Structure formats: C-alpha cells, structure tokens
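**Student:** The sequence and its predicted three-dimensional model are supplied below.
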Amino acid sequence: MAIPESNVTAVSSSSAASPGSNPAFAAAVAVAIVAVATIAGAWFFQLVLDIRPCPLCLEQRYAYYLSIPLAVLVAIAAGRGAPRGLLVAGLAILALAAFANAVLGAYHAGVEWKFWQGPTDCSGPVVDLGKAGSLFERLDTVKVIRCDEVQWRFLGLSLAGYNVLISLLMAVIAGWGVAKTAQR
C-alpha cells in the first residue's frame, strides 16, 4: 500500500518538533524538571523534616516560582513551532533568573560562612505581642530562623550552597538552549 505524498510531508514536518531535534523544547523541559524537583525538595525539607526557611531561603524560591511556569510555556511554544525569537527570549529570561538566583544563593552561603553580614530581617519575625499577660506564652512559640545559621549540611554544603549549584545548572541548560536555538 502506498502512502500518499501529503501524509509523508505531514509526518516529516511533525518530527521536526521532536525533543531530540528541538533544543528550545529540550532545554525548557529540562529546566522545568530541575526547578520542580528543587522546589519539591525545599518543601520536603520544610514540611516533612521541619527545617524552616529563613527570609533569604524564601527569596531564593522566587526564581523557581518564575521558572516553572515560564519553562512550561516555552516548552509548549517550542513544541508548537513558535518563532525562534520568542523561544530565545523565553530561554534567556530563564537563564538570567537562574543566574541571578545563583548569585543570591552565593550571597546567602557567604552570610552562613560569616564572610559578610546578612540582612537585618534574618533575626526573626516581628510579632504583635499583645497583652502583657500572654507575653511569655507568645515568646515560647516564636522560632527565630536566622540566615547566618546553617540548619543542615551535606558534604560541607548548606541548602544555600546547593541552590547555587542547581541554579547554575539551570542557567547553563537555558543558555545552551538559547545558543542552539539562535543557531537554527
């Protein structure tokens, strides 16, 4: 049975959008997977292991909250054959956000290693203490999460240190996607 020529053309053009031949799609999916795994890990440490985040930890999550939906949108756009300029712009934003997050993570790690002073809001939350009678009760329930005290280390690195490595990986993947997509 012979395949009509119009079907052959349709099959070959749809394979051009496959992950192996579409670097924008591959990079966006990889960034989304890494970002989802990282933020899931952060929530696991917080909710299951009760390692509470300090203010700098919470700020480092913003890049992941941006990267996940943006990477998914770029992947969808790449899979549907969006213009190259749009894909490059989306991947460039992902790369810049991840790199900026790596810088923030390095700053946080430096605060933990006492290389420099951290922000003043890392001394704990300001709470409304209410009536004087319940002051001592409320002070017992306040848990101060300091940015300059490491709650967990593995192989000498804190979670801020691992965030630097993960963010740099995401920046490299997105940068690779930009370079390869721009070449096409």
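**Tutor:** Cool, the structure landed.

**Student:** helix or strand for the residue lying closest to residue 101 once chain neighbours are set aside, which one?
**Tutor:** Excluding its sequence neighbours, the residue lying closest to residue 101 (C-beta to C-beta, 6 or more residues apart in numbering) is residue 63, at 3.6 Å. From N, CA and C alone the C-beta is placed, and that goes for glycine too. Element membership of residue 63, judged by DSSP states H and E, is helix 55-79.

**Student:** Does anything pack onto that helix? Which helices or strands?
**Tutor:** For helix 55-79, the elements it packs on are helix 23-47, helix 84-112, helix 159-183, judged by 3 or more C-beta pairs under 8 Å, 6 or more residues apart in numbering; DSSP states H and E.

**Student:** Buried residues, that helix. List them.
**Tutor:** Buried residues in helix 55-79, defined by neighbour count with 16 or more other C-beta atoms under 10 Å: 55-57, 59-61, 63-64, 66-68, 70-72, 74-75, 77-79.

**Student:** now the angle from that helix to helix 159-183?
**Tutor:** Orientation note: helix 55-79 sits at an angle of 20 degrees relative to helix 159-183 (axes from the mean of the first three to the mean of the last three C-alpha atoms, to 10 degrees).

**Student:** what's the angle from helix 55-79 to helix 84-112?
**Tutor:** Orientation of helix 55-79 against helix 84-112 (the same axes, to 10 degrees) gives an angle of 160 degrees.

**Student:** mean confidence score for helix 55-79?
**Tutor:** With pLDDT averaged residue by residue, helix 55-79 scores 93.

**Student:** Just the angle for it relative to helix 23-47, thanks.
**Tutor:** 150 degrees.

**Student:** Show me where this protein dips below the pLDDT cut-off.
**Tutor:** By pLDDT under 70, the weakly predicted segments of the chain are 1-20, 121, 123-144, 146-147, 150, 152-154.

**Student:** what about 90?
**Tutor:** Along the chain, segments meeting pLDDT under 90 span 1-21, 45-47, 49-59, 81-82, 107-162, 182-184.

**Student:** Quick check: phi and psi at the closest residue to residue 45 other than its chain neighbours.
**Tutor:** Nearest in space to residue 45, with sequence neighbours left out and distances taken as C-beta to C-beta, 6+ apart, is residue 51 at 4.5 Å. Here the main-chain torsion angles of residue 51 (degrees, to the nearest 10) amount to phi -100, psi 100.

**Student:** Also residue 157?
**Tutor:** Here the main-chain torsion angles of residue 157 (degrees, to the nearest 10) amount to phi -110, psi 140.

**Student:** partners of it in the sheet?
**Tutor:** Note on residue 157: beta-bridge partners by DSSP bridges are residue 154.
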